[in-house]
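[1] here is the input, now give the coordinates:
(3 chains)
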Amino acid sequence: MDFGSINPALLIASIMISATPILLAAIGEMVVEKAGVLNLGVEGMMITGAVVGFAVAVTLTSPGFGFVAAAFAGAALSLVFALLTQFLLSNQVATGLGLTLAGLGLSSLIGKPYEGMKSPPMPKLDIPVLSDLPIVGRMLFSHDAMVYVSLLLVVAVWAFLKYTRAGLILRAVGESHDSAHALGYKVIPIRIAAILFGGACAGMGGAYLSLVRVPQWTEGMTAGAGWIALAIVVFASWRAGRVAVGAYLFGGVTVLQLNLQAAGANVPVSLLSASPYIITILVLVIISARGVHGAPASLGRSFHATH
Amino acid sequence: MDTPLLSINGLTKAYPGVVANDSVSFDIGESEIHALLGENGAGKSTLVKMIYGLVQPDNGTMTMRGAGYTPSKPSEARQSGVAMVFQHFSLFDALDVAENVALGMETPPPMRDLARQIREVSETYGLPLDPSRTVGTLSAGERQRVEIIRCLLQDPKLLIMDEPTSVLTPQEVDILFETLRKLKAEGTSILYISHKLEEIRALCDHATILRLGKNVGTCTPSETTAREMAEMMVGSSFAAPQAQNKVLGNVLLSVKGLSQPAPGSFGTPLREIGFDLRAGEVLGIGGVAGNGQDELLAALSGERLSETGMVRLKGSDVSRMGPNARREAGLLSGPEERLGHAAAPDMSLIENGVLTASRRMGLLSNGFISWGKSRAFAEDVIERFDVRTPGPHVAARALSGGNLQKFVVGREIVQTPDVLVVNQPTWGVDAAAAAFIRQSLLDLAAQGSAVLVISQDLDELMEVSDRFGALNEGRLSSIRPVTELDIEQIGLMMGGAHDMEVAHVDG
Amino acid sequence: MIRLEKRPEPSRLWTATTPLLAVALTMIVGGLLFAVLGADPFEAIRTIFWDPLFHPQFAAYSRPQLLVKAGPLILIAIGLSIGFKAGIWNIGAEGQYIIGAVCGAGVGLAFYPSENVLIFPLMIVAGALGGWAWAMIPAVLKTKFGTNEILVSLMLVYVAQNVLIAMSTGLLRNPEGMGFPGSRNFKQWDAVHNAEIVANTGMHWGVVAAFIAVIAAYVLMSRHIQGFNIRLSGEAPRAARFAGVSPARIVFLCLGLAGALAGMAGLFEVTGPAGQLTDKFNAGYGFTAIIVAFLGRLHPVGILLAGLLMALTYIGGELAQLMLGLPGAAIQLFQGMLLFFLLATDVFTNYRLRFGAGAAA
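    Below is the predicted model:
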């Protein structure tokens, strides 16, 4: 075993890369859940984003367009979910599962021609002064733009929910759609907007996997990342800041186990590969044993105006 | 009178199968407290929703101070100076007071200013409230204050109040009336919706009475008797329940020192509840909503177990028994919420019969359900309790509130319980069904069963009970014969004055 | 203007019709999809739904495959449907299926090369216990700590896959397999080979078990008080507690049953059609079974039919891949679409459409 081969600066940097896709998906899903909707299709939207983003980026040789296309693809898929659950009042759990299953099928269909290709490189941001700092510069300030976009998104979501009237209305809809309706707020359009935002974020998260993290397209490459994003929202008690903490902790676990595998640690490889999932379960257990706080009261319930 | 504040002309609104409002007309004057009176289902809510812009009328017009008034959504109504205090469904438990107030305003000021304004208004009108408290932790009376302050901050010309006193103690009602009179003196009109006649007589200048969607009359409440108004409301007189001469038997249910922690973050703990219930007796337990009624029912039905020795049935300890074991021992119950608690909405009446009667009525053999016997049982309940339904195979949710309530209460009575515990047995039920249910409870007691009625309707409790006690924050007051009580004393009992007299307590 | 209006009670007609409508819509939209992919839509639909059963050349091969594929789908979906009825969302059947196969295979291999006839029944029991135990993890966590069973059961699929990799390349690897991953071949070990019971029908013991499960589930759900309690828990949890049903017991019962059935399905698969425990013997039946359960309206007989239909799309999909060059993933999407259309049309069971006469503001 050779722990010396693990470089702390690189480790932190790779944790940030590893955390970003989950962070994007989780912050989007948090907004969806804050509006009172449980979309279990994150995995399906992520993988669709991954393949569409990859295909567009390769075709146009532009990762930027890839991310934009991925956001649209994720949102388009979430629109299906929105139509089913908000207008046709279908069960949110079943519809979310269906979205994941369909997304997996759709993505492998679209992705066939792109297997084995390499994505165009994502330019690293060169932040003057900061990037040149010793160690810290390489660790924190020499990433691609999406890493910072994801972090800015967390701040934006936090500020939106806490300080804006629109954010207050969104939270109100998630707390009690009946009360919000009685006060004259349009529950369904607000929820659809939140669902679309969640879809776009999940799509971008998926694209980050196929364009930066891996970076290529392979079938089923999200490997449960969408489900972990869902778990992180629970872990975070529906708070933006804690979503970031959760995603980075999870990124840390993933990178650490990969590094341990590479360093030939004296632990079975299967156990290491399974460790992110086991740790997710443990975290969920700890959170729920303490009592889940902050879940929006209308989460997962269909709204149908009776008058 | 000059131009009225709001004039309603021929408003009509039909839903499939029912005309909720049939060309209703009346005027609300400036600085007037106007009562809108009617039974459940008379069309009060629909009318109010049209005034508040939640529903658009099919026909008819409204004018405000002579100008056309056609709100297409609540925000337009609010801009026109119409504000509404809801009975249910307009607060957000997880948000704080200031956020809740902001959500009901068109253009709320920044949060800091808003908090200051809330404090100012709450002081002016004697409605103390902390803007930073989370609404879920407030009492029912405090929650109502949030709604009222939300309205007052917008200087309404017309304030609509939907059944505001159903969640208040008599003393809190007095405070509310003070506030309303003060508002009236300052020039605000109030549309006051209720079916409580004495309140309307005490407070309102005019009253419009709705029955089956039609305006059946207007009156000046202070000059009309409650009986006259009741007859207009109901349309025909109905038999009031008759109390029989009571011969009380042995103690059937004995509760001693019953304490339980609160079931959830918004529940109420039970504290040292004690009483005895005798054969042939009806014990009424009153109290404002949320003071432990649901919790007491759950502790008696067996949904929540209590510690050994707390609940005894016919002398034997049932504290650690679940609902089915208690049923087999003779203790049956009927919870408040019909749909979802007493009955499964999407299941048929036959299946809903099996829900509580499977063991006591022998509907099972080796765990297998006899659907034939179950059907016969459901049909028996339907027939004996005059449940209006196309048949026993119909889903529970398809029945009207009154019919379903007759079914769920009847389902327990047909099983001939030794002790029956019911919570809000006539909540949201039309007057005829309510009278029928009350009479069935009295008949059951007359046959030698013991009946415990938990209710928030004081009139109902006075009608059916032999003795009365009140729940306050999970404590039960002393229990006293109803003949010794007046409204003042009841108010004190509900407000938590436990130690007023202990002489009559026998438990 | 079109509005939805809640029906006073669920429509029985629509309950039965929606799956057919969903299948029809899926065929139409699926046909369009195939057209986009450059295939003749009518030929594609015929290849998927007709040829596997009636094609003069291929039917002889593909007809038995129908039961081979439907068996595990039905077995797993029956278990899932009981949980779904109770509002318990076990979506980790794939993991329970894998662990059942690993446990059953492991127990069997411990007796290799004995030809004792009791080994196979023992393996079935071990498979069921393995799946049961794996499902008990989310059950215990849910009842003890209130942990969400959806996320836990799903996370355990990924853990199970890693267990499978570790076992098929480690402890259970064929010592005579020249270092290739994978266990001994059960097809070459008569005592445990889950072979066809009747030649050329595809009927193996797993299919028999699936049929028994359909009948047992039907009796349980329609006649027995436990089935009633399960339905009640899903429809109205508070009413269930009022009826004296313990929520924890229902969680254990439903997850345990689903786990045991999925575990058995895994064991039958690994000793039969798959023949060998490898790191990818599992074909995603645990996930497809979710679609089967919904498509069958969570009703045992419906699931039987839905399982056969879904098996048909698998075989037809393979055939379409072979003959029309349609990508295999298209069929996965096709199956997902089926679920979507079912959920979309399901609204008519509980609501009816009203045209006009709406709010004319």
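[2] beta partners for B:Asp96?
    With DSSP bridges as the criterion, B:Asp96 is bridged to B:Thr134.
[3] list the contacts for it?
    Contacts for B:Asp96 (C-beta atoms under 8 Å, 6 or more residues apart in numbering or on different chains) come out as B:131-135. (C-beta placed from N, C-alpha, C; glycine too.)
[4] could you tell me how far C:Ser183 is located from C:Leu151?
    When distances are taken as C-beta to C-beta, to the nearest Å, C:Ser183 and C:Leu151 turn out to be 31 Å apart.
[5] between those two, who's got more neighbours?
    Set side by side, C:Ser183 and C:Leu151 give different neighbour counts by other C-beta atoms under 10 Å in any protein chain shown, the larger being at C:Ser183 (26 against 23).
[6] give me the pLDDT value at the more buried one.
    For C:Ser183, the model assigns a pLDDT of 83.
[7] now it, nearest residue through space, not along the chain?
    Spatial nearest neighbour of C:Ser183, excluding adjacent residues (C-beta to C-beta, 6 or more residues apart in numbering or on different chains): C:Leu277 at 3.9 Å.
[8] I'd assumed C:Pro181 was in contact with that neighbour.
    No - because the distance of 9.5 Å does not satisfy C-beta atoms under 8 Å, C:Leu277 is recorded as not touching C:Pro181.
[9] which ones are touching residue 224?
    Using chain A. Counting by C-beta under 8 Å, 6+ apart, A:Gly224 touches A:43, A:277, C:154-155, C:157-158.
[10] should've been chain C
    Remark: with contacts taken as C-beta under 8 Å, 6+ apart, C:His224 is in contact with B:367-369.
[11] can you select the buried ones from those in ChimeraX?
    Per 16 or more other C-beta atoms under 10 Å in any protein chain shown, the buried members of those correspond to this ChimeraX selection:
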select /B:369
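[12] lowest-confidence entry in the contacts of C:His224?
    Where pLDDT dips furthest among those: B:Gly367, at 92.
[13] that one contacts C:Phe228, correct?
    No - the pair B:Gly367 / C:Phe228 is not scored as a contact, 9.9 Å apart, by C-beta under 8 Å.
[14] circling back to that earlier point, quick one: which of the contacts of A:Gly224 has the most company?
    Across those, neighbour numbers were computed from other C-beta under 10 Å; C:Leu154 holds the maximum, 31 neighbours.
[15] any idea how far it lies from C:Met136?
    Distance check for C:Leu154 against C:Met136: by C-beta to C-beta, it reads 16 Å.
[16] can you pull the contacts of the spatially most central residue of chain B?
    For chain B, the residue whose C-alpha lies nearest the mean C-alpha position (C-alpha atoms, centre = their mean) is B:Trp427; its distance is 5.2 Å. Contact criterion C-beta under 8 Å, 6+ apart gives B:336, B:405, B:455-457 as the residues in contact with B:Trp427.
[17] in contact with A:Ala82, which residues?
    Counted by C-beta under 8 Å, 6+ apart, A:Ala82 has contacts A:191-192, A:195-196.
[18] go again with 7 Å.
    A:192, A:195-196 (C-beta atoms under 7 Å, 6 or more residues apart in numbering or on different chains).
[19] stretch A:212-221 near chain C anywhere?
    No - in this structure, stretch A:212-221 remains apart from chain C according to C-beta under 7 Å from any C-beta of the partner chain; the gap is never smaller than 7.8 Å.
[20] what does that stretch contact?
    The set of residues external to stretch A:212-221 that reach it, using C-beta under 7 Å, 6+ apart, is A:17-18, A:21, A:47, A:50-51, A:54, A:104, A:108, A:111, A:114-115, A:117-119, A:122, A:144, A:146, A:209-210.
[21] what comes up buried for that stretch?
    Along stretch A:212-221, the positions that meet the burial threshold by neighbour count (16+ other C-beta under 10 Å) are A:212-218, A:221.
[22] what residues of the longest helix along chain A count as buried?
    As far as residue count goes, and with DSSP state H defining each element, the longest helix of chain A is helix A:8-34. By neighbour count on 16+ other C-beta under 10 Å, the buried set for helix A:8-34 is A:12-34.
[23] interface residues of chain B facing chain C?
    Residues of chain B lying near chain C by C-beta under 7 Å from any C-beta: B:16, B:56, B:72, B:301, B:303, B:322-324, B:335, B:340-347, B:354-356, B:358, B:364, B:367-369, B:394-395, B:397-398.
[24] check chain A too.
    Within chain A, the residues that sit near chain C (C-beta under 7 Å from any C-beta) are A:40, A:80, A:84, A:88-91, A:93-95, A:97-98, A:101-102, A:104-106, A:108-109, A:112, A:224, A:227, A:230-231, A:234, A:268, A:270, A:273-274, A:277-278, A:280-281, A:284-285, A:288-289, A:292, A:304.
[25] let's go with 6 Å and repeat that
    When proximity is defined by C-beta under 6 Å from any C-beta of the partner chain, chain A lies next to chain C at A:84, A:88-90, A:93-95, A:97-98, A:101-102, A:105-106, A:108-109, A:112, A:224, A:227, A:231, A:270, A:273-274, A:277, A:280-281, A:284-285, A:288-289.
[26] PyMOL command to pick out the buried ones of these?
    PyMOL command restricting the residues of chain A next to chain C to the buried ones, with burial defined by 16+ other C-beta under 10 Å:
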select buried, chain A and resi 84+88+89+90+93+94+95+97+98+101+102+105+106+108+109+224+227+231+270+273+274+277+280+281+284+285+288
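[27] hmm, back to that, so which of the contacts of C:His224 is the closest to C:Ala262?
    Comparing the contacts of C:His224 against C:Ala262 with C-beta to C-beta places B:Gly367 closest, at 25.1 Å.
[28] C:Ala243 versus that closest one, what's the distance?
    Between B:Gly367 and C:Ala243 the computed distance is 14 Å (C-beta to C-beta).
[29] got it, and A:Gly103?
    Relative to C:Ala243, A:Gly103 is positioned 40 Å away (C-beta to C-beta).
[30] between these two, who's got more neighbours?
    Counting neighbours by other C-beta under 10 Å for A:Gly103 and for C:Ala243 shows that A:Gly103 has the greater number, 31 against 25.
[31] correct me, but that one touches A:Gly49?
    No - with contact defined as C-beta atoms under 6 Å, A:Gly103 and A:Gly49 do not form a contacting pair (9.1 Å).
[32] can you give me the buried ones in the strand or helix carrying A:Phe250?
    A:Phe250 is part of helix A:240-262, with elements assigned from DSSP states H and E. Within helix A:240-262, the residues that qualify as buried by neighbour count (16+ other C-beta under 10 Å) are A:240, A:242-257, A:259-260.
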